[in-house]
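Colleague: here you go, sequence then predicted model.
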Amino acid sequence: MFRIQTFDKDSNARTGFLTTPHGEIPTPIFMPVGTGGTVKGILQRDLAGEIDAKIILGNTYHLYLRPGTEVIRGAGGLHRFMSWDRPILTDSGGYQVFSLAGNRKLTDEGAVFKSHIDGSKHTFTPENVVDIQRIIGSDIMMVLDECAPFPCDYQYARKSVQLTHQWLDRAIERFRSTDPLWGKEQYLFPIVQGGTFDDLRKLSAEKIAGSGMEGNAIGGLSVGEPAEEMYRTIEVVNEILPRDKPRYLMGVGTPVNILEAIGRGIDMFDCVMPTRNGRNGMLFTSEGIINIKNRQWMNDFSPIDRGIPCTVSNTYSKAYLRHLVISGEILGSQISSIHNLAFYLHLVSEARNKINEGDFTKWKGSMIKKLSERL
């Protein structure tokens with residue numbers, strides 16, 4: 001499933017290829033978030049074209065509630081339902097249940113929660129979350145876990161890790177005792193938890209590393225902890241997770257976060273930031289961060305970003321995009337989202353090139369300076 005191409009000589013960065021039934025994915029890679037079977041406001045044509053997304057992410061919680069598993073089953077799986085023939089990863093819904101703290105109850109059996117749509121009551125168990133993802137047909141499935149909040153006390157984090165590990169054993173048993181529904185192999189990734197407590201993270205990483213799955217994920221970060229805590233935790237965990245399997249850092253993050261994590265040995269990323277922030281007028285560019293609503297861009301007729309190979313970014317001016325966003329035009333959100341995703345995909349592509357060329361660390365340092373600036 002995963003083969004490493006190059007190790008960086010000055011860091012823990014590496015390049016590789018992740019093979020799935022729906023295509024090969026070069027790593028490190030960023031996955032646009034298509035929560036409910038759509039990356040908001042973007043046609044699949046543009047996802048595969050302008051943006052050139054190699055893999056996208058869907059969410060089990062949202063797809064289970066709407067349109068529901070029977071609709072997805074009737075369509076022949078999510079790939080057919082949304083007309084997308086490239087790989088898909090589905091999150092288990094654990095993070096969404098975590099975010100519903102006031103409307104959910106955790107037990108050894110699973111997570112009982114109320115739908116954010118209509119208040120109806122549902123239960124996720126390690127087993128039925130695997131079953132739901134079998135119906136969805138995602139190439140990579142995630143196990144049900146609990147994402148502990150930040151901050152939380154040590155005892156809460158310890159119990160959370162124990163629960164996550166109990167659920168993991170049950171999820172793997174269900175995964176191994178069932179077959180894919182749509183004739184395509186699926187992979188199951190366990191998730192390291194433990195907050196920012198090193199001993200809990202080590203304990204969890206050892207459990208996950210010993211599970212024998214095809215890849216591994218790190219969860220429970222980018223939930224409010226300082227960036228340095230996140231980076232330190234990644235280092236602790238990656239000392240234990242096997243080097244010959246892909247490592248997925250869930251829900252992270254800014255361009256700077258991504259470069260720092262690549263340097264620490266992470267291969268896969270997802271985050272809503274490029275689309276969500278784009279819809280609100282924040283653009284990530286090769287020269288720094290732009291708030292396109294600012295008056296300084298009103299008469300700037302230069303392209304959004306000449307530094308990336310994206311027709312949208314090279315064609316439309318900052319002044320025109322500002323006009324669209326200020327006016328509340330849907331096209332403004334669409335252009336901003338396409339640009340931001342194209343930028344993220346270009347960034348990880350350049351990271352791959354620099355690792356392969358042996359110049360990643362120097363390049364990363366210069367890029368982080370640029371990407372931290374607000375223009």
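Modeller: All right, it came through fine.

Colleague: show the backbone phi and psi for Met142.
Modeller: Per-residue torsions, Met142: phi -110, psi 150 (degrees, to the nearest 10).

Colleague: the residue lying closest to it once chain neighbours are set aside: what's it in contact with?
Modeller: What sits nearest to Met142 in space, not counting adjacent residues and going by CB to CB, 6 or more residues apart in numbering, is Ser92, at 4.2 Å. (Glycine included, C-beta is placed from N, CA and C.) With contacts taken as CB atoms under 8 Å, 6 or more residues apart in numbering, Ser92 has the following neighbours: 60-61, 124, 129, 133, 141-145, 191.

Colleague: what about Asn280, how many neighbours?
Modeller: Burial measure for Asn280: 13 neighbouring residues, criterion other CB atoms under 10 Å.

Colleague: chain center to the helix or strand of the chain with the lowest mean pLDDT: distance?
Modeller: Least confident element among the helices and strands of the chain, by mean pLDDT, DSSP states H and E: helix 94-99 (a mean of 74). Centre-to-centre, helix 94-99 and its host chain are 15 Å apart (CA atoms, centre = their mean, to the nearest Å).

Colleague: repeat for stretch 55-65
Modeller: Per CA atoms, centre = their mean, the displacement of stretch 55-65 from the mean C-alpha position of its chain is 12 Å.

Colleague: and it, what's its mean pLDDT?
Modeller: Mean per-residue pLDDT for stretch 55-65: 96.

Colleague: if I look at Asn291, how far off is Gln162?
Modeller: When distance is defined by CB to CB, to the nearest Å, Asn291 is 44 Å away from Gln162.

Colleague: please apply the same query to Gly288.
Modeller: Per CB to CB, Gly288 is found 44 Å from Gln162.

Colleague: show me what contacts the spatially most central residue of the chain?
Modeller: For the chain, the residue lying nearest the average C-alpha position, counting by CA atoms, centre = their mean, turns out to be Asp270 (1.8 Å). Asp270 makes contacts with 30-33, 57, 89, 250-251, as judged by CB under 8 Å, 6+ apart.

Colleague: tell me which of those is nearest to Thr20?
Modeller: The shortest distance between Thr20 and any of the contacts of Asp270, using CB to CB, involves Leu89 and amounts to 9.1 Å.

Colleague: against Phe81, how distant is Arg45?
Modeller: Here the criterion is CB to CB. By it, Arg45 lies 16 Å from Phe81.

Colleague: correction: the previous question concerned Ala75.
Modeller: 4 Å.

Colleague: now Glu127
Modeller: Glu127 sits 23 Å away from Phe81, taking CB to CB as the criterion.

Colleague: try Arg174
Modeller: Separation of Arg174 from Phe81 (CB to CB) stands at 23 Å.

Colleague: now swap in Arg176 and tell me
Modeller: Here the criterion is CB to CB. By it, Arg176 lies 27 Å from Phe81.

Colleague: low pLDDT regions in the stretch 101-250 of the chain?
Modeller: Counting by pLDDT under 70, the stretch 101-250 of the chain contains low-confidence ranges at 101.

Colleague: tell me the contacts of Met82?
Modeller: With CB under 8 Å, 6+ apart as the criterion, the residues that contact Met82 are 34, 37-38, 44.
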